[in-house]
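Participant: please work out how this folds:
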Amino acid sequence: MPPPLESALADLPRRHPPVFAPPVAYTSPDGLVFRRLAIPGDIPLIHGWFQQEHAKFWCLQGASVGEVLDLYTAQLASGFRGAHLGTLDGEPVVLAESYDPRFDQLADHYAVQPGDLGMHICVAPAHRPIRGFTRRVFQAVMDLMFDGLGASRVVVEPDAHNEKIHVLNKTFGFVYRRDIQLREKVASLALCTRADYRTALQHLQEISP
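Facilitator: This next block holds a predicted model:
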């Protein structure tokens, strides 16, 4: 099993809290429809996404379908992680993960507040380039976090070398705190309140009416 999988699975048995319950379905204002990740039905799909170059920071390129199945089975059984598949016009376009940071290794690196919700995002490989598509999907995932799952503040910890996601995060209101050493990577800790997000959306509307 690849080391990042071992690290991810190591967190799961630590504590057993009640968490944000994923909705059966959530539709973003922009029309993306989210549902719970289906186990095992959706695993071959997302396994294929993880093999792409753009998903290298998920560190799952060497994982088998069975290992990805084990990972998500354990995550969803943990009680503090959720996985959501987003579709547009019936086509899967994004995997969004949510987690309660109180029960993750992240809690050792910042003061978790009530209503904090961790987020991971993996956009499906594009069949053809569509201008602004990744931003559209990212915004829909943020809407899911705040409006669908009820977060007060969204927390992310991307790989410090993942420049593309840093640009997206900052575009949508994330404030970067500092780099932290997690078991599997050096990560950049960043947080976004609902107010931060709304301010960022207003700015985007002003520059792209």
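
Participant: quick check: what element follows the worst-scoring helix or strand of the chain on mean pLDDT along the chain?
Facilitator: Using mean pLDDT, DSSP states H and E, the weakest-scoring helix or strand in the chain turns out to be helix 3-11, at a mean of 52. Downstream of helix 3-11, the next assigned helix or strand under DSSP states H and E is strand 25-27.

Participant: direction included, what does that following strand pair against?
Facilitator: strand 33-36 (antiparallel) (DSSP bridges).

Participant: residue contacts, the residue most central in space within the chain?
Facilitator: Central residue of the chain (CA atoms, centre = their mean): His120, 1.6 Å from the mean position. Counting by CB atoms under 8 Å, 6 or more residues apart in numbering, His120 touches Trp58, Ala96, Glu97, Tyr99, Val156. C-beta coordinates here come from the backbone N, C-alpha and C atoms, glycine included.

Participant: can you tell me which of those is nearest Asp143?
Facilitator: Nearest to Asp143 among the contacts of His120: Ala96, at 10.4 Å, using CB to CB.

Participant: surely the closest one and Met142 touch.
Facilitator: No: counting by CB atoms under 8 Å, Ala96 stays clear of Met142, with 9.4 Å between them.

Participant: buried set for stretch 153-168?
Facilitator: Arg153, Val154, Val155, Val156, Glu157, Pro158, Asp159, Asn162, Ile165, His166, Leu168 (16 or more other CB atoms under 10 Å).

Participant: helices of the chain, start to end?
Facilitator: Remark: helices assigned in the chain by DSSP state H are 3-11, 43-50, 65-77, 133-143, 163-171, 194-207.
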